[in-house]
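Trainee: Give the three-dimensional model of this entry:
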Amino acid sequence: MAVVEKQGNLDINQDLEFQYNAWKRQKKAWKIMALILLSGLLGLLGEGPLSDAKKGEKTDKISIEYQRLTRFQSLNQLKIHLSQNTGNQGELRIKLSQKYLQNTQIQQINPPPYYVETGQKYITYIFRQTQPPQPTTLTFYLQPQQIGIINAEIKLPQENPIKFNQIVYP
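Mentor: Take a look at the predicted model:
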């Protein structure tokens, strides 16, 4: 209940209990806003350290870099790092799962593939390779076309696949 106090020639209404409760709520709101801002800066809502992910080591035949957390229809990169021992007869073959490519749209591939083959489970991208073979990085620019979790597989012929997931926000 408001108490009227005399301050000099002024009558001032004040409710100290209400004011203290308002300050407590205001402090909680500031903490929540700070957490949202910090999570955004760290990449929980898009690009950043929490979103950046790697599978495999640079010394492996194949390793990848991708965005673990991304937004619906935002452009993101999938970098595939290949060692010099991955090609065969001047060709380099990379297989991406059909399931992954059904839920994403490829905007660009750097360098562009020489040839593309489709299969039941994988789409194979074939690149020409220099002689002697050199370590190579392929960059796929992708746009997620589905909200939720997208499962993916990338592999070289006669190798175990690298499996990863992307979480797509609206």
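
Trainee: so residue 149 is in which element?
Mentor: According to DSSP states H and E, residue 149 maps onto strand 148-155.

Trainee: low pLDDT regions in the protein?
Mentor: 1-8, 11, 45-46, 85-88 (pLDDT under 70).

Trainee: give the contact list for residue 168.
Mentor: 70-72, 144, 146-150 (CB atoms under 8 Å, 6 or more residues apart in numbering). The C-beta positions use only the backbone N, C-alpha and C, and glycine is treated the same way.

Trainee: What segments of this structure are strands?
Mentor: For the chain, the strands defined by DSSP state E cover 3-7, 10-14, 52-55, 62-67, 69-71, 76-82, 91-97, 104-110, 115-118, 122-128, 136-144, 148-155, 162-169.

Trainee: any chance of those in JSON lines, plus distance to residue 41?
Mentor: Shown next, in JSON lines, are the strands of the chain (distance: least, CB to CB, whole Å):
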{"stretch": "strand 3-7", "distance to residue 41": "44"}
{"stretch": "strand 10-14", "distance to residue 41": "39"}
{"stretch": "strand 52-55", "distance to residue 41": "13"}
{"stretch": "strand 62-67", "distance to residue 41": "16"}
{"stretch": "strand 69-71", "distance to residue 41": "13"}
{"stretch": "strand 76-82", "distance to residue 41": "18"}
{"stretch": "strand 91-97", "distance to residue 41": "31"}
{"stretch": "strand 104-110", "distance to residue 41": "26"}
{"stretch": "strand 115-118", "distance to residue 41": "39"}
{"stretch": "strand 122-128", "distance to residue 41": "35"}
{"stretch": "strand 136-144", "distance to residue 41": "22"}
{"stretch": "strand 148-155", "distance to residue 41": "24"}
{"stretch": "strand 162-169", "distance to residue 41": "16"}
